[in-house]
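K.L.:
missing the sequence, but the structure's below:
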DNA sequence: AGTTTCAGTTGACGATGTCATCTCTTGAGT
DNA sequence: ACTCAAGAGATGACATCGTCAACTGAAACT
């Protein structure tokens, strides 16, 4: 026996799932309200009962992705037996993995929605705060802020370059995203693994 | 007296200009073939005489932007009286400036078009090769490849984070894109300006 | 002069986001 | 038990979009 509120919440969730799946499989163009509705078992008008418009639905998808990444960051930070440098590496690669395996979702997470330009930035807060805390375990707080911003920026850029196929260019000598992350983390952690 | 070929070339250029202007002022959604045609003084069907479809037109706009950036990179590299580190800084900030003042165009430059995923990567080659040459003036070739890829990736990520408003978050302590670039360049150039 | 080529126009079509309207079930108030 | 407001969802309609086919007319070629 499901109440009406439960049913509505289930539909909302189904809409988010459908949108995310369509985004993954066919890119942003494949995410039409009609297709989302059909996959969620409703019709094209139903999403308007749960979201203001299509953009709001997409923002909600991006927000959910940031939340799950935040969970992973949080778990990673609490992981015992890992050095701060290893946690940094893991956190950055978690971000890059999203770019690798769910590139369209990744782009959505870093897009700047015309309606509410700060909506996704708010959603990203927890992930970034968790990562900042990891960096703060390695260097003092002043530097941690700058380094964390630099690391997240770089990871974002690496993922972007990789996604656009530009990292595969032979002029870079076949360097991988992992190589770049390691180079950067080593420089900051001062460990020089390649020495 | 203008020949037919000249007229057609002028129209093609007007279409590219119109598309770029609409992109700058109203984002990707504002770039409709009807609006582009109207601004270029033709009708909606005319672009199909010069481009395969809308996507090809957008790729051409992005390609032209990469070419312009390539020119700036080339001029910067030839600039006398600038250290390699200063040229690196200048080149990266030139890229970031595109993200700042023409954010929609910037996104287009790093987008991965579904039709020809390598089209924009090819257009980016000269800019990146010029920058690679600058880095190679500072470190040996082996390292230069990795560092150049890292620097361009990072600049790209910094621009992306700035564009999505996430860099302005107080948790980063008010760090600017210039600060991050300087931090990175200093680490690689080993000059430690902040020492 | 006759013919071809081709830039640009126009009409049409299917798809899409969105709104107004309608239906019908749920759940609260009496 | 009856009434009725509320709200989830369906449906019809509309403007706009990218795209194609057919058409027009002038320039370029033979």
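P.N.:
Received the coordinates, thanks. All of these numbers come straight from a predicted model, not from anything done at the bench.
K.L.:
Spit out the contact partners of residue A:52.
P.N.:
Counting by C-beta atoms under 8 Å, 6 or more residues apart in numbering or on different chains, residue A:52 makes contact with nothing. C-beta coordinates here come from the backbone N, C-alpha and C atoms, glycine included.
K.L.:
That one in helix, strand or coil?
P.N.:
Secondary structure, DSSP: H, G, I helix; E, B strand; the rest coil: residue A:52 is coil.
K.L.:
Need the per-residue pLDDT for residue A:8.
P.N.:
We have a pLDDT of 88 for residue A:8.
K.L.:
same check, this time on residue A:191
P.N.:
For residue A:191, the model assigns a pLDDT of 46.
K.L.:
Next: the one 3 residues further on.
P.N.:
Predicted confidence (pLDDT) for residue A:194: 41.
K.L.:
all helices for chain A, in order.
P.N.:
Secondary structure of chain A (DSSP state H): helices at A:4-26, A:33-40, A:54-78, A:84-101, A:103-109, A:119-136, A:141-163, A:177-189.
K.L.:
Let's have the ones you listed in TSV, adding mean neighbour count and distance to DNA strand C.
P.N.:
Putting those into TSV (neighbours: other C-beta atoms under 10 Å in any protein chain shown; distance: least, C-beta to the nearest atom of the strand, whole Å) gives the following:
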stretch	mean neighbour count	distance to DNA strand C
helix A:4-26	16	4
helix A:33-40	18	4
helix A:54-78	18	3
helix A:84-101	20	23
helix A:103-109	21	14
helix A:119-136	20	15
helix A:141-163	23	23
helix A:177-189	20	32
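K.L.:
Now do stretch A:118-133, average pLDDT.
P.N.:
95.
K.L.:
typo on my end, stretch A:12-19
P.N.:
Mean predicted lDDT for stretch A:12-19 stands at 98.
K.L.:
repeat for stretch A:33-47
P.N.:
The average pLDDT within stretch A:33-47 is 97.
K.L.:
How far away from the center of its chain is that stretch?
P.N.:
Mean-position distance between stretch A:33-47 and its chain equals 25 Å (C-alpha atoms, centre = their mean, to the nearest Å).
K.L.:
State the pLDDT value of the residue in chain A that chain B sits nearest to.
P.N.:
Taking C-beta to the nearest C-beta, chain B has its nearest neighbour within chain A at residue A:157, 2.5 Å off. For residue A:157, the model assigns a pLDDT of 97.
K.L.:
so it makes contact with residue B:154?
P.N.:
Yes - the pair residue A:157 / residue B:154 is scored as a contact, 5.2 Å apart, by C-beta atoms under 8 Å.
K.L.:
near DNA strand D, which residues of chain A?
P.N.:
By C-beta under 7 Å from any atom of the strand, the residues of chain A that approach DNA strand D are A:4, A:7-8, A:11, A:37, A:42-46, A:49-50.
K.L.:
do that again at 6 Å, thanks
P.N.:
A:4, A:7-8, A:11, A:42-46, A:49 (C-beta under 6 Å from any atom of the strand).
K.L.:
I'd like the helices of chain A as a markdown table, with distance to residue B:116 appended.
P.N.:
Shown next, in a markdown table, are the helices of chain A (distance: least, C-beta to C-beta, whole Å):
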| stretch | distance to residue B:116 |
| --- | --- |
| helix A:4-26 | 18 |
| helix A:33-40 | 25 |
| helix A:54-78 | 25 |
| helix A:84-101 | 20 |
| helix A:103-109 | 16 |
| helix A:119-136 | 29 |
| helix A:141-163 | 15 |
| helix A:177-189 | 23 |
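K.L.:
dump the residue contacts of residue A:51.
P.N.:
Residues near residue A:51 by C-beta under 8 Å, 6+ apart: A:15, A:57, A:60.
K.L.:
which residues does residue A:65 contact?
P.N.:
Residue A:65 touches A:20, A:98, A:102, A:105, A:108-109, counting by C-beta under 8 Å, 6+ apart.
K.L.:
and of these, the nearest to DNA strand D?
P.N.:
Distance to DNA strand D across the contacts of residue A:65 (C-beta to the nearest atom of the strand) is lowest for residue A:20, with 17.7 Å.
K.L.:
Can you tell me the closest non-neighbouring residue to that closest one?
P.N.:
The shortest distance from residue A:20 to any non-neighbouring residue, by C-beta to C-beta, 6 or more residues apart in numbering or on different chains, is to residue A:61 (5.2 Å).
K.L.:
So the one you found is in contact with residue A:108, correct?
P.N.:
Yes - using C-beta under 8 Å, residue A:61 is in contact with residue A:108, at 6.5 Å.
K.L.:
shared neighbours, the two?
P.N.:
With C-beta under 8 Å, 6+ apart as the test, residue A:61 and residue A:108 both reach residue A:23.
K.L.:
next one: stretch A:67-84 to chain centre, how far?
P.N.:
Stretch A:67-84 sits 14 Å away from the centroid of its parent chain (C-alpha atoms, centre = their mean).
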